[in-house]
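Student: Show me the folded form of this:
(chains A and B)
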Amino acid sequence: MSNYIPTIGVEVHVELKTKTKIFSNSINGYGEMANSLTNVVDLAYPGKAATILNCKIRRIMHFDRKNYFYPDISKNYQITQNATPIGYDGYVEITKSTGEKKKVYIEEMHIEEDTCKSAHRGTKTLLDFNRAGVPLIEIVTKPCMSDGEDVKLYLEKLRELLSFGDISDCKIEEGSMRADVNVSIRKNESDPLGTKAEIKNIGSISNAKLGVEKEIERQTKIYDAGETFKPQTRRFDDKINDTVLMRVKETGNDYRYFPEPDIPYVILTDEMIERAINSIPMLPDERREKYKKLGVSDINTEKLVANRSLSDYFNTLLDEKINHQIASNLLLGDISGYLNKNEKLITDTTLSKERFIELVNLIDNNTLTSKNLKDILDIVLESDKSIQTIIKEQGIENITDDSEIRNIVKEIINNNPESVNDYKQGHDRAIKYLMGQVMKETKGKANPKMAMDILTEELN
Amino acid sequence: MKEMLTKEEVLHVADLARISLTEEEIKKYQVELKKLLDDVEKINNVKGYDDDILIACWENSAELRKDIAGDMLDPKEVVNNAPRHSGNYIEVPVVISEGEGA
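Tutor: The predicted model follows:
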């Protein structure tokens, strides 16, 4: 256990889910041919989130120029918000593995343009301006986190909120969510903050956690040896699972910010803010709470929240008087299997809300067995026919006639005296075997609940 | 008020602009940059400049456009406008301090 107190702050960039770029009308796209999504503004030839993150919203804001020379921005400045960030003083709540709730405070969030993507190849750097001008928000926390778990939970929560809020895709692998983590350590709470190392190029949330842990270890070793280090930028290398030095910051950044004179200030009216707030869909924590109240298991709740389109579909059923646990099992089990196999979303299928409710009720009252369901699922999801019609047409109507099932049960009992004996001696597995024989004899058509009740009755 | 900038101040500006200067040029800019700064300083005397809303010479707020894509350039045209290119990419020399910017 380290003798130092780590202090961590995180800067996250997320690309906004717009069709076009921020200050130009080029397409905001990913994975297209290099330099095919650009226009003269991106190349510089001529020269709802705040609410979700509990931030205060600035009503009058302007943009600033951040001046620096680097090939990733061809006009030599980035348009950003230095003096009047759109949101400030917010927070996100995380729940630690100990159950302790912790607020991660957000200093500010500002809007800016993305830079072009550069790839280093030996002595050359290759530039692709498709990303140049894509709208970003940068969300900066206060230095209020103290370990890798805090960082991981914060990033997970942020990703969940921003993607559910339709603000960003938050695809770390495509670069639409990128995090830089600032780490320093100190001996006592009363000491000033220690020297900071910024970790960049973090490719995944689990690497962010690992990067922070490795960086705390590295800084601890330096201080324990009585040495010091200069503020620096490091990157996480997932091949060696450690951070490596990119550059030492000899002097502080000097970006010479000044107000962007070509863009008038932006006034956010009450109407605009209200419209943004009203367009926020139900957020994950509210979904969790509602699902649990309806009797959905913890596992199913988490699985639903992790799948936005299934969760949205499930939300249309919240007020229906159905067995919600069965409904969630159905969505996450056989239906998910079908959707994954066919690369479809539930909205691409013919499963209307009414037909889904019919399906859930047929399973709930044991009219439909899980085997039956598997047999008809493709048809259910690809045709408009009522579930009852499909069941009839497929000839899989269940045997619900008491005397018919009883006759079969009696026959199975007579033919399997050993299993009956085992059951009477207290071997529970024997009844499962006998039940299996009943289902086999009826080709899976016996209503399972009725069959089990009759079997138990006859055995006793 | 000092007459000229220090050598270190001129070198810092040169470093930000990524240019190298001869001793002669440094001496020249120690005087010339100071004159420029003094001229810019005059803006501070303009009445109303302290108003933090006054960032541009008009009072209208920005018009927001619809999120609809417009015309874009042909990538061939884009790369042909650059001094060097490699396939569809614009090529520049490697700059050591990678990872600046957003």
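Student: got a pLDDT number for A:Lys385?
Tutor: pLDDT for A:Lys385: 87.
Student: helix, strand or coil for it?
Tutor: Assigned by DSSP: H, G, I helix; E, B strand; the rest coil, the conformation of A:Lys385 is coil.
Student: neighbours around it, how many?
Tutor: 15 (other C-beta atoms under 10 Å in any protein chain shown). Just so you know, the C-beta spots here come from the backbone N, C-alpha and C atoms, and that holds for glycine as well.
Student: Next: the one 4 residues further on.
Tutor: Neighbour count of A:Thr389, defined by other C-beta under 10 Å: 12.
Student: who are the neighbours in contact with it?
Tutor: By C-beta atoms under 8 Å, 6 or more residues apart in numbering or on different chains, the contact list for A:Thr389 is empty.
Student: I'd like the next helix or strand past the stretch of helix or strand it belongs to.
Tutor: Element membership of A:Thr389, judged by DSSP states H and E, is helix A:387-393. Reading on from helix A:387-393 to the C-terminus, the next helix or strand found by DSSP H and E is helix A:402-415.
Student: Across the sheet, point out what pairs with the nearest residue to A:Asn188 once chain neighbours are set aside.
Tutor: Distances taken as C-beta to C-beta, 6 or more residues apart in numbering or on different chains place A:Ile5 nearest to A:Asn188, at 7.1 Å, with adjacent residues excluded. Note on A:Ile5: beta-bridge partners A:Arg186, judged by DSSP bridges.
Student: A:Ile5 is in contact with A:Pro192, isn't it?
Tutor: No. Using C-beta atoms under 8 Å, A:Ile5 makes no contact with A:Pro192, being 11.9 Å away.
Student: So these two - more neighbours on which side?
Tutor: A:Ile5 (16 against 6).
Student: The residue most central in space within chain A: helix or strand, and which one exactly?
Tutor: Centroid-nearest residue in chain A, with C-alpha atoms, centre = their mean: A:Glu160, separated by 4.5 Å. Secondary-structure assignment from DSSP H and E places A:Glu160 in helix A:148-164.
Student: Run through who's touching that helix.
Tutor: Contacts for helix A:148-164 (C-beta under 8 Å, 6+ apart): A:8, A:10, A:12, A:14, A:49, A:52-53, A:92-97, A:102, A:104, A:139, A:141, A:145, A:168-170, A:172, A:177, A:179, A:181, A:205-206, A:208-213, A:216, A:281-284, A:305, A:308.
Student: averaged over its residues, what pLDDT does that helix have?
Tutor: Helix A:148-164 comes out at a mean pLDDT of 95.
Student: Could I get the buried residue list for it?
Tutor: By 16 or more other C-beta atoms under 10 Å in any protein chain shown, the buried positions in helix A:148-164 come out as A:148-155, A:157-164.
Student: From these, pick the one nearest A:Met272.
Tutor: A:Leu162 (19.3 Å; C-beta to C-beta).
Student: continuing past the top helix by length along chain B, what's the next helix or strand?
Tutor: What stands out as the longest helix in chain B, according to DSSP state H, is helix B:23-41. Note on helix B:23-41: by DSSP H and E, the next helix or strand toward the C-terminus is helix B:75-80.
Student: chain center to that following helix, what's the gap?
Tutor: Relative to its parent chain, helix B:75-80 has a centroid offset of 25 Å by C-alpha atoms, centre = their mean, to the nearest Å.
Student: Just the C-alpha atoms of it, please, in CSV.
Tutor: Extracted in CSV, the C-alpha atoms of helix B:75-80 (Å, rounded to 0.1, in the frame of the first residue of the first chain):
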residue,chain,number,x,y,z
PRO,B,75,-9.9,14.6,-52.2
LYS,B,76,-7.6,14.8,-55.3
GLU,B,77,-8.0,18.6,-55.3
VAL,B,78,-7.3,18.6,-51.6
VAL,B,79,-4.0,16.7,-51.8
ASN,B,80,-2.9,18.6,-55.0
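Student: Tell me which helix or strand comes right after that helix.
Tutor: That would be, after helix B:75-80 and using DSSP H and E, strand B:85-86.
Student: That following strand vs chain A: in contact?
Tutor: Yes. Strand B:85-86 reaches chain A (C-beta under 8 Å from any C-beta of the partner chain) through B:Ser86.
Student: So which elements touch that strand?
Tutor: Applying 3 or more C-beta pairs under 8 Å, 6 or more residues apart in numbering or on different chains; DSSP states H and E, one finds that strand B:85-86 contacts no other helix or strand.
Student: Beyond it, next helix or strand please.
Tutor: Next along from strand B:85-86, by DSSP H and E: strand B:89-93.
Student: Could you tell me which residues touch both of A:Ile5 and A:Pro192?
Tutor: A:Arg186.
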